[in-house]
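J.: Quick check, what structure comes out for this input:
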Amino acid sequence: MIQRKILILLAVFVVAFMFAGAASAASVQSNQITTAKNPVGINTGQNVQQKSKINDPVNLRTLKSYGTIQAAINDPKTLNGDTIVVLGGVYTENVLVNKALILLGKGTVMVQAADPTLPIFSITSNKVTIQNFNINGATESDGILVQSNGNTLRDNTITNNYNGILVQNARSNNIKNNQINNNANNGIELDNSNSNFMTSNTVSNNGGAGISLINSNFNTIANNYASNDPNAGIVLNTSNFNTINGNTVPLSGGLLLWLSNNNALTNNIVTDTQTWPGIELYTSNNNALIGNTVTGSADDGLLLGSSSNNYIQGNNITDNIGYGLHFISSSSNTVTNNDLTSNTAGDRNIDGTSLNNIFSGNNPAP
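T.: Below is the predicted model:
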């Protein structure tokens, strides 16, 4: 009897040991699975916190994230040539970019002015890129202020500022493929700035001009769309040796040159101007106007005032309310192979103080 009791107790002990081993193995397996899913042992709350940090600006070289764009720039570990990626969200700040950085927005990134009297982005370093941002709210200043050289501004939407982009005393900047609309003054303004490129921008519904150059030379304005800018779609003031090519300017103040010489205006389309002639030259000499189309102007198609030695060739200047071609005190210009038909006031009006102009091959002929 005693031996039977001993055997029963031994059997119970063995069974209990086997169950304990199975439970231990299951626990180890469970821990291995958990470790495989989360090898560093971060809990769910910490993962969420880490994910939220990824939405902050991050330096792609150091992989460090920041609470603001300015903090990312100011960090001593952020060096010239670094790329700062800013993911979707709203940032309320005025940003000083004083290092040669690429600032790249991913998703919908809105940067609005903390102080509307200051630019939202002020660029003082050379070789900065600002790409894919929505920039608004500097109602008494500029969306982007550029005071340095060799920068790239592209794929941005810039609205509800005083000026969309202001370039001052700067050269070799590339302003490309931006939407610059509904700013109180000018969409793009260059002051004392040379050898810059403005291409493929949409510049519309600004309170002043779409694109304005003041004392700025050797710039290229090409393939832009400037509409509903009342003072001018494109205006040059005391600006020389600029290339204005392939732009479309509907429903604006036209294309104006004031006190500007040696510029080339080629293959532009100016339609339905509201307040000014389609193209106007005032005290502007030695310019070339070739292959432009001017139609539907509420005033003259092409007006020259006190402007001489300009070359006007192969333009289509038709269906304007005023004259197709109107010269006031403008002499020694060459006008050849232009279509001047169907203008309400007449094909041309050359006043008595406009002397020694050469006309050939135009339709209608003199």
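
J.: helices and strands of this structure: which one bottoms out on pLDDT?
T.: Least confident element among the helices and strands of the chain, by mean pLDDT, DSSP states H and E: helix 44-54 (a mean of 31).

J.: For whichever helix or strand comes after it, enumerate the helices and strands it packs against.
T.: Of the helices and strands lying after helix 44-54 in sequence (DSSP states H and E), the nearest is strand 58-59. Applying 3 or more CB pairs under 8 Å, 6 or more residues apart in numbering; DSSP states H and E, one finds that strand 58-59 makes contact with strand 83-92. Heads up, the C-betas are built off the backbone N, CA and C, glycines and all.

J.: Adjacent strands (with direction) for the strand it packs on?
T.: Strand 83-92 sits in its sheet next to strand 58-59 (antiparallel), strand 102-112 (parallel), going by DSSP bridges.

J.: which one of those strands is the most hemmed in?
T.: Across the strands paired with strand 83-92, the average number of neighbours (mean count of other CB atoms under 10 Å) peaks for strand 58-59, which reaches a mean of 20.

J.: Please tell me how far it is from the chain's geometric centre.
T.: Using CA atoms, centre = their mean, to the nearest Å, we find the averaged C-alpha position of strand 58-59 to lie 23 Å away from the chain's own average C-alpha position.

J.: Residues contacting that strand, please?
T.: 64-66, 72, 75, 77-78, 82-85 (CB atoms under 8 Å, 6 or more residues apart in numbering).

J.: 7 Å instead, please
T.: With CB atoms under 7 Å, 6 or more residues apart in numbering as the contact definition, strand 58-59 has outside contacts at 64-65, 72, 78, 82, 84-85.

J.: what about whichever helix or strand comes after that strand, average pLDDT?
T.: The helix or strand immediately downstream of strand 58-59 is helix 69-74, counting by DSSP H and E. Here helix 69-74 scores 98 as its mean pLDDT.

J.: tell me which residues of helix 69-74 are tucked away?
T.: Neighbour-count burial for helix 69-74, counted by 16 or more other CB atoms under 10 Å, picks out 69-70, 72-73.

J.: Next: stretch 171-181.
T.: 171, 173, 175-176, 178-181.

J.: Residues in contact with that stretch: which ones?
T.: The contact list for stretch 171-181 (CB under 7 Å, 6+ apart) reads 146, 149-159, 164-165, 167, 187-188, 193-206.

J.: nearest to A298, of the buried residues of helix 69-74?
T.: For these, the residue nearest A298 by CB to CB is I69; the value is 44.6 Å.

J.: Go ahead and confirm the closest one touches V86.
T.: Yes - at 6.1 Å, I69 and V86 qualify as touching, with contact defined as CB atoms under 7 Å.

J.: Which neighbours do these two have in common?
T.: 57, 103.

J.: okay, the strands paired with strand 83-92 in TSV with distance to T248 next?
T.: As requested, the strands paired with strand 83-92 are arranged in TSV below (distance: least, CB to CB, whole Å):
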stretch	distance to T248
strand 58-59	39
strand 102-112	27
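
J.: I'd like those as TSV, with mean pLDDT and distance to N285 appended.
T.: Formatted as TSV, those follow (pLDDT from 0 to 100; distance: least, CB to CB, whole Å):
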stretch	mean pLDDT	distance to N285
strand 58-59	98	52
strand 102-112	97	42
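
J.: can you pull the contacts of I358?
T.: Listed by CB under 7 Å, 6+ apart, the contact partners of I358 are 334-335.

J.: Show me the beta-bridge partners of it.
T.: Applying DSSP bridges to I358 yields these beta-bridge partners: T334.

J.: Walk me through the domains of this structure.
T.: 2-41, 82-360 (automatic domain parsing).

J.: Tally up the residues packed near G67, please.
T.: By other CB atoms under 10 Å, 11 other residues sit near G67.

J.: Could you shift the numbering so residue one becomes 354, and keep it that way?
T.: Sounds good: first residue 354 from here, last item G420.

J.: So it versus T591, what's the distance?
T.: In this structure, G420 and T591 are 45 Å apart, going by CB to CB, to the nearest Å.

J.: Out of the buried residues of stretch 524-534, which sit inside strands?
T.: Of the buried residues of stretch 524-534, the ones assigned to strands by DSSP state E are 528-529, 532-534.

J.: Next, the buried residues of stretch 659-672.
T.: Using 16+ other CB under 10 Å as the burial criterion, the residues of stretch 659-672 that qualify are 659-663, 665-666, 668-672.

J.: Can you pull the poorly scored residue ranges out of the stretch 404-553 of the chain?
T.: Within the stretch 404-553 of the chain, the segments meeting pLDDT under 70 span 404-408.

J.: Can you list the strands that whichever strand or helix holds G677 pairs with?
T.: Under the criterion of DSSP H and E, G677 resides in strand 676-681. Sheet neighbours of strand 676-681, with direction, are listed as strand 655-658 (parallel), strand 699-703 (parallel) (DSSP bridges).

J.: Can you check which of those strands gets nearest to P472?
T.: Counting by CB to CB, and looking across all of the strands paired with strand 676-681, nearest comes strand 655-658 at 36.0 Å.

J.: Can you tell me what sits against the closest one?
T.: Residues from elsewhere that reach strand 655-658 (CB under 7 Å, 6+ apart): 630-635, 647, 663, 670, 678-683, 686.

J.: Which among these count as buried?
T.: Neighbour-count burial within the contacts of strand 655-658 applies to 630-635, 647, 663, 670, 678-681, 683, 686; the criterion is 16+ other CB under 10 Å.
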